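S.K.: Coordinates for the following, if possible.
(one chain, ligands or ions: 1)
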Amino acid sequence: MLYMSSARSTIMLARKFVLKKAFDGFPKLSDFELVEETLPKELQDGEILAKAEWLTVDPYMRLRSKAGEQMPGGQIARVLQSKNAEFPEGSQIVGGFGWRDLTIYKPVKGGVRTYNTIHQMPDMKGLPDAYALGVVGMPGNTGYFGLMDICKPKSGETLVVTAAAGAVGSTVCQVGKIKGCKVIAFAGSDDKLKWLKDDVGVDHAFNYKGADLDAIFKKYAPEGIDCYFDNVGGEFNYHVVRNMKDFGRISQCGSIGTYNVKGGQIPLVPFDYPTFRIKHIKMEGFNVGRWNDVWFDGLLQLRDWVLEGKIKVQQSVTDGFENMPQAFIELLEGKNTGKQIVKA
Ligand SMILES: NC(=O)c1ccc[n+]([C@@H]2O[C@H](COP(=O)([O-])OP(=O)(O)OC[C@H]3O[C@@H](n4cnc5c(N)ncnc54)[C@H](OP(=O)(O)O)[C@@H]3O)[C@@H](O)[C@H]2O)c1
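M.R.: Now for the predicted structure:
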């Protein structure tokens with residue numbers, strides 16, 4: 001499919017997904033277009049040709065995609081041809097090539113890790129490759145550093161986590177348990193709550209839909225909440241703040257609760273300033289790229305916790321590169337448990 005022969009020459013075609021027009025509300029299949037791109041026949045010095053094996057869909061793509069451009073994102077790819085000794089033929093890489101199956105790329109030697117750079121697959125020590133886009137990848141580091149550096153959880157403290165059965169949230173819950181916290185998790189379906197309680201090992205799990213949050217916190221965190229890992233934004237925060245302890249810490253990671261609003265107008269939400277102030281609460285937003293300099297420390301720590309059985313992993317796998325839009329839509333609809341991933 002990817003290599004087409006004609007009588008005179010061989011041309012190489014990559015497939016890629018382009019966003020036809022800016023999303024409005026929830027993404028639709030008709031927002032995407034699968035197009036072909038002709039690749040150069042020869043690699044230049046320093047270049048590699050890589051073929052996607054696993055691709056990730058992540059909530060940030062809802063915000064970072066641009067009309068008329070290729071969808072952004074990471075993938076695990078196999079090097080098919082190489083003119084770069086650092087990335088030899090046959091090796092696997094993790095790269096921010098976007099939603100495309102074949103890529104020619106010239107890695108920057110010794111460059112600092114950024115959103116778009118590539119790196120060799122971490123030594124997975126037998127764990128499934130796809131984990132390098134999940135718990136041993138960007139979402140894992142988001143949960144790990146976002147919790148450890150901002151909430152700074154201590155043993156015996158109470159930690160609340162939203163979107164808790166997702167890629168980031170399930171990591172946060174389990175790092176919280178490793179650190180000795182009482183973990184109260186929120187997710188959107190019975191199956192997710194069961195997984196959180198039975199496998200992930202949280203202390204309490206609740207469906208946030210229609211929940212009386214104030215009553216839940218009064219009953220299950222009567223001592224007050226120390227840490228909140230906020231994946232959803234919106235009104236949830238208001239109820240957490242009112243039930244926090246003095247010097248509580250909020251790690252503001254994401255706001256998926258408002259990514260799909262129609263018209264792109266982020267709704268105004270209440271914020272309890274007096275309680276926030278009187279309780280000396282701290283809220284800090286972050287982008288995971290701020291830990292690029294210690295990126296691999298995070299990945300390898302998470303990998304080892306998975307190997308030791310301290311972190312349980314679940315993936316929702318969609319088959320086929322052509323089904324990326326569907327996988328992305330299902331992620332935003334909350335159909336995934338654990339990391340939503342696409343097998344090319
Ligand atoms: N700051 C950073 O650098 C950074 C990096 C990575 C991710 N993030 C953020 O972290 C959050 C989680 O990302 P992820 O990759 O781990 O995705 P994920 O949690 O695996 O998947 C998204 C989940 O969000 C939940 N959700 C969807 N709509 C919701 C709503 N209206 N209210 C509450 N929950 C909703 C759904 O689960 P339910 O069934 O529970 O609703 C869905 O499964 C996102 O906000 C993302 O943008 C931030």
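
S.K.: Could you measure from the residue in the stretch 201-344 of the chain positioned nearest to the ligand over to Met121?
M.R.: For the stretch 201-344 of the chain and the ligand, the shortest gap (C-beta to the nearest ligand atom) falls at Gly254, measuring 2.0 Å. C-beta coordinates here come from the backbone N, C-alpha and C atoms, glycine included. Counting by C-beta to C-beta, to the nearest Å, the gap from Gly254 to Met121 is 26 Å.

S.K.: for Asp31, same thing?
M.R.: Computed with C-beta to C-beta, the distance linking Asp31 and Met121 is 32 Å.

S.K.: who's more crowded, these two?
M.R.: Taking other C-beta atoms under 10 Å, Asp31 and Met121 do not tie; Asp31 has more neighbours (21 against 15).

S.K.: Helices along the stretch 151-300 of the chain, start to end?
M.R.: Here the stretch 151-300 of the chain has its helices, by DSSP state H, counting those that start in this stretch, at 167-178, 190-195, 213-220, 236-242, 273-278, 295-307.

S.K.: quick check, the last one touching the ligand?
M.R.: In other words, helix 295-307. No - with C-beta under 6 Å from any ligand atom as the criterion, the ligand is not reached by helix 295-307; the gap is at least 12.3 Å.

S.K.: Show me how far that helix is from its chain's centre.
M.R.: Its chain's C-alpha centre and that of helix 295-307 lie 16 Å apart, by C-alpha atoms, centre = their mean, to the nearest Å.

S.K.: what does the helix or strand harbouring Phe145 rub up against?
M.R.: Take DSSP states H and E as the rule and Phe145 turns out to sit in helix 138-145. For helix 138-145, the external contacting residues (C-beta atoms under 8 Å, 6 or more residues apart in numbering) are 56, 58, 74, 133-134, 166-172, 175, 229, 253, 286, 288, 290-291, 294-295, 298-299, 301-302, 339.

S.K.: Mind doing that once more with 7 Å?
M.R.: With contacts defined as C-beta atoms under 7 Å, 6 or more residues apart in numbering, helix 138-145 is touched by 74, 134, 167-168, 171-172, 175, 253, 288, 291, 295, 298-299, 301-302, 339.

S.K.: For Gly264, state which of those residues is nearest.
M.R.: Nearest to Gly264 among the contacts of helix 138-145 is Cys253, at 20.7 Å by C-beta to C-beta.

S.K.: how about the closest one, what does it touch?
M.R.: Here Cys253 is in contact with 142, 146, 168, 229-231, 286 (criterion: C-beta under 7 Å, 6+ apart).

S.K.: Show me how to select, in PyMOL, the buried members of those residues.
M.R.: In PyMOL, this line selects whichever of these come out buried by 16 or more other C-beta atoms under 10 Å:
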select buried, resi 142+146+168+229+230+231
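
S.K.: and the ligand, which of the contacts of Cys253 reach it?
M.R.: 142, 168, 231, 286.

S.K.: What residues are bridge-paired with the closest residue in space to Asp230 that isn't next to it in sequence?
M.R.: Once flanking residues are discounted, Asp230 sits nearest to Gln252: 5.0 Å by C-beta to C-beta, 6 or more residues apart in numbering. Per DSSP bridges, the residues bridged to Gln252 are Asp230, Gly285.

S.K.: State the distance from Gln252 to Phe217.
M.R.: Applying C-beta to C-beta to Gln252 and Phe217 gives a distance of 18 Å.

S.K.: With Leu29 instead?
M.R.: Taken as C-beta to C-beta, the spacing of Leu29 relative to Phe217 amounts to 39 Å.

S.K.: which of the two has more neighbours?
M.R.: Phe217 (20 against 10).

S.K.: That one against Lys245, yeah?
M.R.: No - taking contacts as C-beta atoms under 7 Å, Phe217 lies outside contact range of Lys245: 11.2 Å.

S.K.: My read is that His280 contacts Gly248, right?
M.R.: No - using C-beta under 7 Å, His280 is not in contact with Gly248; the gap is 8.1 Å.

S.K.: The two - which one has more neighbours?
M.R.: Gly248 (25 against 11).

S.K.: Which pLDDT does the model give the more buried one?
M.R.: For Gly248, the model assigns a pLDDT of 98.

S.K.: What is the neighbour count of the residue lying closest to Ser155 once chain neighbours are set aside?
M.R.: Leaving aside its sequence neighbours, Ser155 sits nearest to Gly180 (C-beta to C-beta, 6+ apart; 3.0 Å). As a burial measure, Gly180 scores 11 neighbours (other C-beta under 10 Å).

S.K.: Tell me the spacing between Gly180 and Pro88.
M.R.: Applying C-beta to C-beta, the value for Gly180 to Pro88 is 44 Å.

S.K.: Over to Ile281?
M.R.: Taken as C-beta to C-beta, the span from Ile281 to Pro88 is 51 Å.

S.K.: These two - which one has more neighbours?
M.R.: Counted by other C-beta under 10 Å, Ile281 and Pro88 do not tie: Ile281 has more neighbours, with 20 against 11.

S.K.: measure the more buried one to Gly134 for me?
M.R.: Ile281 is 31 Å from Gly134, by C-beta to C-beta.

S.K.: can you redo the helices of the stretch 151-300 of the chain as CSV with mean pLDDT?
M.R.: Output for these, formatted as CSV (pLDDT from 0 to 100):
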stretch, mean pLDDT
helix 167-178, 98
helix 190-195, 98
helix 213-220, 98
helix 236-242, 97
helix 273-278, 98
helix 295-307, 97
